[in-house]
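Let me see the structure of the following:
(2 chains)
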Protein chains: 2
Amino acid sequence: MSIRKLILVTNDDGLNAKGITSLVRAVEPLGDVVIVAPTESQSGMSQAITVKHPLRAKKIQLNGSASYAVNGTPTDCVKLAINQLLPRKPDLLVSGINHGSNSSTSILYSGTMGAALEGCINGVPSIGFSLISLDPHADFNVAEKYVRRIASKVLQEGLPRSTCLNINIPVAEESELKGIKICRQTMGFWQEEFDKRTDPAGREYFWLKGEYYNTEPDAQDTDEWALKNNYIAIVPVNIDLTCYDTLNNMKNWKF
Amino acid sequence: MSIRKLILVTNDDGLNAKGITSLVRAVEPLGDVVIVAPTESQSGMSQAITVKHPLRAKKIQLNGSASYAVNGTPTDCVKLAINQLLPRKPDLLVSGINHGSNSSTSILYSGTMGAALEGCINGVPSIGFSLISLDPHADFNVAEKYVRRIASKVLQEGLPRSTCLNINIPVAEESELKGIKICRQTMGFWQEEFDKRTDPAGREYFWLKGEYYNTEPDAQDTDEWALKNNYIAIVPVNIDLTCYDTLNNMKNWKF
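Have a look, this model is predicted:
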């Protein structure tokens, strides 16, 4: 008798986001689902952990799956799930479906991917999913089909010990999508055009608002290129950040 | 006439930490220093950005250097510095000196290294420094000398476009230190032994408290080994997280 797979679902938009409901629906046929996700939105929280205040996990029912609402970051949710809430280490972690892109260097700020990196550190095959739309009412139907197909494949194949997946999905009709493309992370950055304002007391304050700048728009092996051309972009992501080329070059430095 | 170097100093322990005072003292002889750092401790904030509330930058005097206290994360500080507060893009970013280790996979949770990664994304040669002591009154004298030597070298040599440095320094007498070692990131993880408590109302809560587990304690090319053997450990860090081996293998996957 084969044991059913245990699947941990989390996100960074919080338990009330539409995206996590879609994600649960996508993976439910693949195993037993437990949801451990932030009570409130944790966008832009990267792989932050909570050290200043204690965490609470409130058990709730969400679409029939066992669910916990946590007053912390996505990474806190994963740590708490693996160490306290789940009966055993999960066979798969899925995070998302994020409302908005986490392609290119945005992966570094992403709470969605923070959770996936945390799963990976703990030896759990982990995937972050994002839909390229900030609309809270976005249509996740097409995305759901791809999520199920990819999650099912990862359950079959596994992932190397230090690798997780960053998956971005364009908003398009199913007939317009060209399929799945394995990509590298695009090099680019956010040109931060802070919105400088003055409060009623005459003091300056700044809202963060940036515009993404792609430094290699013509590189066809990148996730940005894939998304622009209606492919689902999969970037395999390494938790070993060492730059081995520089490591070798720096051995000649005389300090 | 050569233009003086512009050096951005930040940290994650906040402007009142001893470590940032040491860092300023270490790099002051190398150029013009501007400090843009969090008002309060931001430990464990990774590369998080603040999207829910606006930022304020309060100009203050700290040891004679131009300083700004920011109500945000280390990454917010770097973004605000580069885009709003500094007269031009800095020639060097230094972050720290952190009170406590950021070696191995701890780099992923580190606010100190979040700031360095952000500088790197923006094309600024960037270094995060950490002293392996959580003591707020730790002795940074020996560390300071190495910080100056390494920062000076990086100003001379520069760093490749997508690489920053993660530098950890053991607590030891100068005579005990064996020098500088260029290393790779140790693979390991935190075994999270949450401290489960009950509040006066009878509700459970959890404090995060982990113990680091090194999965390759005998690997002499790792930062953990170097630190245990009284070397200053330098890990060159890549902002391209793509796992190229997996990328090539996954091209054969049939979805």
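
who does A:L55 bridge with?
B:F206 (DSSP bridges).

measure it to A:G72 for me?
Per Cβ to Cβ, to the nearest Å, A:L55 is found 5 Å from A:G72. In this view, the C-beta of every residue, glycine as well, is placed from N, C-alpha and C.

Which residue of the two possesses the greater neighbour count?
Neighbours were counted for A:L55 and for A:G72 using other Cβ atoms under 10 Å in any protein chain shown; A:G72 has more, 24 against 21.

Does that one touch A:P38 like I think?
Yes - shown here, A:G72 and A:P38 form a contact pair, counting by Cβ atoms under 8 Å, at 6.5 Å.

Please enumerate the strands of chain A.
Secondary structure of chain A (DSSP state E): strands at A:6-10, A:32-38, A:57-62, A:65-70, A:92-99, A:126-131, A:163-169, A:180-182, A:188-192, A:195-198, A:204-207, A:210-214, A:232-238.

What segments of chain A are helices?
For chain A, the helices defined by DSSP state H cover A:18-27, A:74-80, A:111-121, A:141-157, A:223-228, A:244-250.

Save the ones you listed as a markdown table, and put in mean pLDDT, distance to A:T105 and mean neighbour count too.
Below are the helices of chain A laid out as a markdown table (pLDDT from 0 to 100; distance: least, Cβ to Cβ, whole Å; neighbours: other Cβ atoms under 10 Å in any protein chain shown):
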| stretch | mean pLDDT | distance to A:T105 | mean neighbour count |
| --- | --- | --- | --- |
| helix A:18-27 | 97 | 21 | 23 |
| helix A:74-80 | 97 | 18 | 30 |
| helix A:111-121 | 98 | 11 | 31 |
| helix A:141-157 | 97 | 22 | 18 |
| helix A:223-228 | 98 | 10 | 22 |
| helix A:244-250 | 96 | 18 | 16 |
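
Let me know which of those is the nearest to chain B.
Proximity to chain B (Cβ to the nearest Cβ) singles out helix A:244-250 among the helices of chain A, at 3.7 Å.

residues in contact with the closest one?
Helix A:244-250 is contacted by residues B:159-160, B:163, B:182-184, B:234-236, B:238 when judged by Cβ atoms under 8 Å, 6 or more residues apart in numbering or on different chains.

Of those, grab the buried ones for ChimeraX.
This is how ChimeraX selects the buried members of those, with burial counted by 16 or more other Cβ atoms under 10 Å in any protein chain shown:
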select /B:159,163,182,183,184,234,235,236,238
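
filter the contacts of helix A:244-250 down to the ones near chain A?
Cross-checking these against chain A (Cβ under 8 Å from any Cβ of the partner chain) gives B:159-160, B:163, B:182-184, B:234-236, B:238 as the overlapping residues.

could I get those as CSV with pLDDT and distance to B:L131?
Below are those laid out as CSV (pLDDT from 0 to 100; distance: Cβ to Cβ, whole Å):
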residue, pLDDT, distance to B:L131
B:L159, 97, 22
B:P160, 96, 26
B:T163, 98, 22
B:I182, 98, 19
B:C183, 98, 17
B:R184, 98, 21
B:I234, 98, 14
B:V235, 98, 16
B:P236, 98, 20
B:N238, 96, 24
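
out of these, who's nearest B:E193?
Set against B:E193, the nearest of those by Cβ to Cβ is B:V235 (26.6 Å).

if I pick the closest residue in space to the closest one that isn't next to it in sequence, what's in contact with it?
Once flanking residues are discounted, B:V235 sits nearest to B:N166: 4.4 Å by Cβ to Cβ, 6 or more residues apart in numbering or on different chains. Contacts here follow Cβ under 8 Å, 6+ apart; on that basis B:N166 touches A:241, B:102-103, B:107, B:113, B:116, B:128, B:130, B:185, B:223, B:234-235, B:237.

For B:N166, give its distance to A:G19.
With Cβ to Cβ as the criterion, B:N166 and A:G19 are 33 Å apart.

And A:H99, by the same measure?
Counting by Cβ to Cβ - A:H99 and A:G19 are separated by 5 Å.

Can I get the strands of chain A in JSON lines including distance to B:V33?
Listed next are those as JSON lines, based on distance: least, Cβ to Cβ, whole Å:
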{"stretch": "strand A:6-10", "distance to B:V33": "41"}
{"stretch": "strand A:32-38", "distance to B:V33": "38"}
{"stretch": "strand A:57-62", "distance to B:V33": "44"}
{"stretch": "strand A:65-70", "distance to B:V33": "40"}
{"stretch": "strand A:92-99", "distance to B:V33": "38"}
{"stretch": "strand A:126-131", "distance to B:V33": "38"}
{"stretch": "strand A:163-169", "distance to B:V33": "37"}
{"stretch": "strand A:180-182", "distance to B:V33": "44"}
{"stretch": "strand A:188-192", "distance to B:V33": "22"}
{"stretch": "strand A:195-198", "distance to B:V33": "24"}
{"stretch": "strand A:204-207", "distance to B:V33": "22"}
{"stretch": "strand A:210-214", "distance to B:V33": "26"}
{"stretch": "strand A:232-238", "distance to B:V33": "34"}
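
Now for A:H99 and A:G19: what residues contact both?
Residues touching both A:H99 and A:G19 (Cβ under 8 Å, 6+ apart) are A:13, A:131, A:138.

what about the last one, how many residues close to it?
For A:A138, the number of neighbouring residues by other Cβ under 10 Å comes to 18.

Now do the same contact list for the nearest residue to it once chain neighbours are set aside.
The shortest distance from A:A138 to any non-neighbouring residue, by Cβ to Cβ, 6+ apart, is to A:L131 (5.8 Å). Listed by Cβ under 8 Å, 6+ apart, the contact partners of A:L131 are A:19, A:96-100, A:138, A:140, A:143, A:168-169, A:171.

which two of these lie the greatest distance from each other?
A:G96 and A:V171 (14.3 Å).

Report the buried residues of stretch A:44-62.
For stretch A:44-62, the neighbour count (16+ other Cβ under 10 Å) marks A:44-50, A:54-57, A:62 as buried.

how long is that stretch end to end?
Criterion Cα to Cα, to the nearest Å; first-to-last residue distance in stretch A:44-62 is 24 Å.

Kindly indicate which of the contacts of A:L131 lies nearest chain B.
Closest to chain B, out of all of the contacts of A:L131 and judged by Cβ to the nearest Cβ, is A:G100, at 10.8 Å.

Lovely, talk soon.
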